[in-house]
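**Student:** Below is the structure, and that's it, no one-letter string:
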């Protein structure tokens, strides 16, 4: 059993106990080699080989799941140490307090606070569910959510998370916390993303009412029966999350996120709808015969008006403001949800404005995901839309902190390029350039974003990637100037971002610099007319010398920071 000041595995010095449960104790430890604090979770073995084997296996599953994830609300597991008497898990130390402790201390929480927490949790679950295969968390509850001092949440304890098995009819193991987990988690059918939505709904219910669903005799009642001052829209959201039938819940976390973000607008619409309901029913009943007679004429007229309105909404003058454009394109999507033209116009507006961050991401994806099932997935139009979305993420996405994080851009772009790689028809004009983006993103997903110590990119892996890029440069020469520029920009950013790994993998410096020079020369040789293309060409020209020098320094073992490199680049310019 671990004691304070013990050294675990020769490097983790135990500083203090920070939590304990029935079989485990959690300690704060200092890594003597890295001078970094970690949490060490010690699990005591039972002396039963079968039970201990199951525990070890469960921990290995958790570790393998966690080590390939990269999300700000998810902790990392960096090591598992298996000794004769105990198992120690080394993980991120999360400073803060669980929401369960906050409930115990302060009781039911304010509506706005709970909604903000719910949206953070939605984002984390959405990330898990977007993995391939999807990861179902299965244990969402206040006790597994840590509130950090700065206000952000961390979700921990992935011991019963599982990968979704498409052909499986039911889970093989009945696990979860009674009161929070949905009926299907008791073995009646396989859990999926909607199971996590149920648990999140019950977590919201507990946070809003202070009523613990685990206590004996607990019976579910809508949140306003406990707190009448809560909004009706939030009550309807929680009730929909916790529907016993999965088909009646939100079908994705994106749907739930959209409902939470628009609950105030939904409340206004609901009140107006209720006031109109009785009068509308009487009027509609009286008009039934008239509508039946004139239906064909009205349908034709409405269709013509819709086509005309749609065209007016997407064909705007250059003087139209950015906000007016976005509103107009949203109105057009409401008329024809599966016509890709309005979505492409929205992306153009973001691009021209030079702004594509979390707000634009949420705004666009709410529409895209809501209507995605209606698109013809193997059509050239849909392939073009996916390609443009992927490019927007790859080249323009700015994180919530306002920073440009290339790995985050790749991660968000990946599913759209992957969809095109698998489904786009051969006659899709940008298929080659889209596939090149996919190869770059796939490499990042496998070797960099996976955050694994087991499978690291070797020299041969990098050379394969570079070979793909080199061959693609000739294949994409027939693409439009702007499409070529965005790819060249991405390649230079990739080489700059991976310079240290390329060096440690013994990829020759001359090959990297030659490829960078080749891409830069192609950038400069392009004749561009559009303002956006001129702007991007100018940006590449501005930073190229700085990025090239950074690569040279890395190979000469005198690496400096990006800020230092940019400062020097400015002084040299």
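**Tutor:** Ah, there it is. This one's a predicted model, so the numbers in the text were calculated from it and none came from an experiment.
**Student:** Just the buried residues of stretch 521-533, please?
**Tutor:** 522-523, 528, 532-533 (16 or more other Cβ atoms under 10 Å). In short, each C-beta sits where N, CA and C put it, glycine included.
**Student:** among these, which are in strands?
**Tutor:** Of these, none are assigned to strands by DSSP state E.
**Student:** OK, contacts around the residue nearest to residue 103 when sequence neighbours are not counted?
**Tutor:** Distances taken as Cβ to Cβ, 6 or more residues apart in numbering place residue 142 nearest to residue 103, at 5.8 Å, with adjacent residues excluded. Listed by Cβ atoms under 8 Å, 6 or more residues apart in numbering, the contact partners of residue 142 are 98-100, 102-103, 203, 206-207.
**Student:** now the buried residues of stretch 521-533 in CSV, with pLDDT?
**Tutor:** As requested, the buried residues of stretch 521-533 are exported to CSV (pLDDT from 0 to 100):
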residue, pLDDT
522, 90
523, 90
528, 81
532, 75
533, 81
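**Student:** which of those residues lies closest to residue 388?
**Tutor:** residue 532 (12.8 Å; Cβ to Cβ).
**Student:** what's near enough to touch that closest one?
**Tutor:** Applying Cβ under 8 Å, 6+ apart, the residues contacting residue 532 are 351-352, 482.
**Student:** How about residue 501?
**Tutor:** 448, 457, 462.
**Student:** Can you flag the buried ones in the contacts of residue 532?
**Tutor:** For those, a burial check counting by 16+ other Cβ under 10 Å picks out 351, 482.
**Student:** okay, now the domains of the protein?
**Tutor:** Listed by automatic domain parsing, the domain ranges of the chain are 7-92, 97-261, 336-572.
**Student:** what's the host helix or strand of residue 359 in contact with?
**Tutor:** Residue 359 is part of helix 358-371 when elements are defined by DSSP states H and E. Residues from elsewhere that reach helix 358-371, judged by Cβ under 8 Å, 6+ apart: 252, 254-255, 257-258, 261, 326, 330, 333, 337-338, 343, 346-347, 350, 389, 397, 399-400, 412.
**Student:** So which bits of whichever strand or helix holds residue 550 are buried?
**Tutor:** For residue 550, the host element (DSSP H and E) is helix 531-555. Residues 532-533, 536-537, 540, 543-544, 546-548, 550-551, 553-555 are the ones in helix 531-555 that count as buried (16+ other Cβ under 10 Å).
**Student:** Output the below-cut-off pLDDT ranges for the stretch 151-300 of the chain.
**Tutor:** 158-176, 186-189, 266-300 (pLDDT under 70).
**Student:** just the chain next, same as before
**Tutor:** 21-23, 46-65, 67, 158-176, 186-189, 266-308, 401, 404, 449-456, 558-573.
**Student:** SS state for the residue most central in space within it?
**Tutor:** With distances taken as Cα atoms, centre = their mean, the residue of the chain nearest its centroid is residue 127 (4.0 Å). The three-state label given to residue 127 by DSSP: H, G, I helix; E, B strand; the rest coil is helix.
**Student:** Kindly report the same for residue 408.
**Tutor:** helix.
**Student:** isn't it right up against residue 397?
**Tutor:** Yes. Counting by Cβ atoms under 8 Å, residue 408 touches residue 397, with 6.8 Å between them.
**Student:** Please say which of these two ends up with more neighbours.
**Tutor:** residue 397 (22 against 19; other Cβ atoms under 10 Å).
**Student:** And the helix or strand residue 78 falls within, what does it pack against?
**Tutor:** For residue 78, the host element (DSSP H and E) is strand 77-82. For strand 77-82, the packing partners by 3 or more Cβ pairs under 8 Å, 6 or more residues apart in numbering; DSSP states H and E come out as helix 49-66, strand 86-92.
**Student:** buried ones in that strand?
**Tutor:** 77-80.
**Student:** Kindly report the same for stretch 381-389.
**Tutor:** So, applying 16+ other Cβ under 10 Å, buried residues of stretch 381-389: 381-389.
**Student:** Distance of the closest residue in space to residue 93 that isn't next to it in sequence relative to residue 33?
**Tutor:** In space, and not counting its chain neighbours, residue 93 is closest to residue 39: 4.4 Å by Cβ to Cβ, 6+ apart. Distance of residue 39 to residue 33, given as Cβ to Cβ, to the nearest Å: 17 Å.
**Student:** picking up where we left off before, which residues does the strand or helix carrying the residue nearest to residue 93 contact?
**Tutor:** Per DSSP H and E: residue 39 is located in strand 36-44. For strand 36-44, the external contacting residues (Cβ under 8 Å, 6+ apart) are 1-2, 8, 12, 14-15, 18, 23-31, 55, 59, 78, 85-94.
**Student:** so which strand or helix has residue 34?
**Tutor:** Using DSSP H and E, residue 34 falls outside every helix and strand.
**Student:** From the structure, what's the count of residues near it?
**Tutor:** By other Cβ under 10 Å, 9 other residues sit near residue 34.
**Student:** Adjust the sequence numbering to begin at 54 for everything that follows.
**Tutor:** With 54 as the first residue, the last one maps to residue 87.
**Student:** Now the phi/psi pair for it, please.
**Tutor:** Torsion angles at residue 87 (phi, psi; degrees, to the nearest 10) stand at phi -100, psi -10.
**Student:** Also residue 236?
**Tutor:** Here residue 236 shows phi and psi, under degrees, to the nearest 10, equal to phi -60, psi -40.
**Student:** contacting residues around it?
**Tutor:** Taking Cβ under 8 Å, 6+ apart, one finds residue 297 in contact with residue 236.
**Student:** Name the SS class of residue 69, please.
**Tutor:** strand.
**Student:** The residue lying closest to it once chain neighbours are set aside sits in which helix or strand?
**Tutor:** In space, and not counting its chain neighbours, residue 69 is closest to residue 81: 5.2 Å by Cβ to Cβ, 6+ apart. Assessed by DSSP H and E, residue 81 sits inside strand 77-84.
**Student:** Would you mind measuring the gap between the ends of stretch 450-460?
**Tutor:** This stretch, stretch 450-460, spans 11 Å end to end (Cα to Cα, to the nearest Å).
**Student:** quick one: buried residues of it?
**Tutor:** For stretch 450-460, by 16+ other Cβ under 10 Å, it's 450-451, 459.
**Student:** Contacts for it, please.
**Tutor:** 123, 408-411, 414, 461-462, 465-466, 497, 501-502, 546-547, 550.
**Student:** Widest-spaced pair of those residues?
**Tutor:** Most distant of these, by Cβ to Cβ, are 408 and 501, 26.5 Å apart.
**Student:** Looking at these two, which is more packed in?
**Tutor:** The residue with more neighbours, out of residue 408 and residue 501, is residue 501; 19 against 13, by other Cβ under 10 Å.
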